[in-house]
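**Q** Sequence and predicted model, in that order:
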Amino acid sequence: MNKWPSFEQLAKMAETHPEALEQFRQREVEALIDSAPVEMQRRLRGLQFQIDCQRQLHPTPVGACLAISKMMHESLGRLQRALHGLQSEAELDSQSPSQAANGAQIIPFPAAG
């Protein structure tokens, strides 16, 4: 990966040349994937495809960010359940994070005072 422009330069590029910023983003993503071990690259390209789809589906950057964040939380939830050995992989894929959270124990904390 090359040296990145400063935040101020990136912000100015977003305002004045958004297409150049997008090209920069794509180059950096591609360089990062290319630098990963070969056995990980296919998975990373698939993940980047999903991220790009979410960016196209949402009309605002905030909407896209929220959707991508949701993807990340769902993935982390599946990983957490898999690491705890609670369910098979098929069950992990079919269960939403909210379903998993419903089984959590809530511990009350006394009010400070």
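**A** Good, I have the coordinates. Residues are numbered from 1 along each chain as shown.
**Q** shaky segments in the chain?
**A** The chain contains residues with pLDDT under 70 at 1-2, 86-104, 112-113.
**Q** run the last query once more with 50
**A** Residue ranges of the chain with pLDDT under 50: 1.
**Q** burial measure for Gly46, as a count.
**A** Using other C-beta atoms under 10 Å, Gly46 has 10 neighbouring residues. The way it works is simple: take the backbone N, C-alpha and C, and place the C-beta from them, glycine included.
**Q** no no, Gln54
**A** As a measure of burial, Gln54 has 18 neighbours, counting by other C-beta under 10 Å.
**Q** what does His73 give?
**A** Counted with other C-beta under 10 Å, His73 comes out at 11.
**Q** how near is it to Leu79?
**A** Computed as C-beta to C-beta, to the nearest Å, the His73 to Leu79 distance reads 11 Å.
**Q** for whatever helix or strand Gly77 lives in, packing partners?
**A** Element membership for Gly77, per DSSP states H and E: helix 61-83. Here helix 61-83 touches helix 38-57, helix 89-94, helix 97-102, going by 3 or more C-beta pairs under 8 Å, 6 or more residues apart in numbering; DSSP states H and E.
**Q** how about stretch 45-56: buried residues?
**A** Going by neighbour count (16 or more other C-beta atoms under 10 Å), the buried part of stretch 45-56 is 51, 54-55.
**Q** okay, these in a markdown table with distance to Trp4 next?
**A** A markdown table is the format used below for the buried residues of stretch 45-56 (distance: C-beta to C-beta, whole Å):
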| residue | distance to Trp4 |
| --- | --- |
| Ile51 | 19 |
| Gln54 | 23 |
| Arg55 | 20 |
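**Q** Specify which member of those residues is nearest to His17.
**A** The shortest gap between His17 and any of the buried residues of stretch 45-56 belongs to Arg55, at 18.1 Å (C-beta to C-beta).
**Q** dump the residue contacts of the closest residue to that closest one other than its chain neighbours.
**A** What sits nearest to Arg55 in space, not counting adjacent residues and going by C-beta to C-beta, 6 or more residues apart in numbering, is Ala64, at 4.6 Å. By C-beta atoms under 8 Å, 6 or more residues apart in numbering, Ala64 lies in contact with 54-55, 57-58.
**Q** Then Gln80?
**A** Taking C-beta under 8 Å, 6+ apart as the definition, Gln80 has no contacts.
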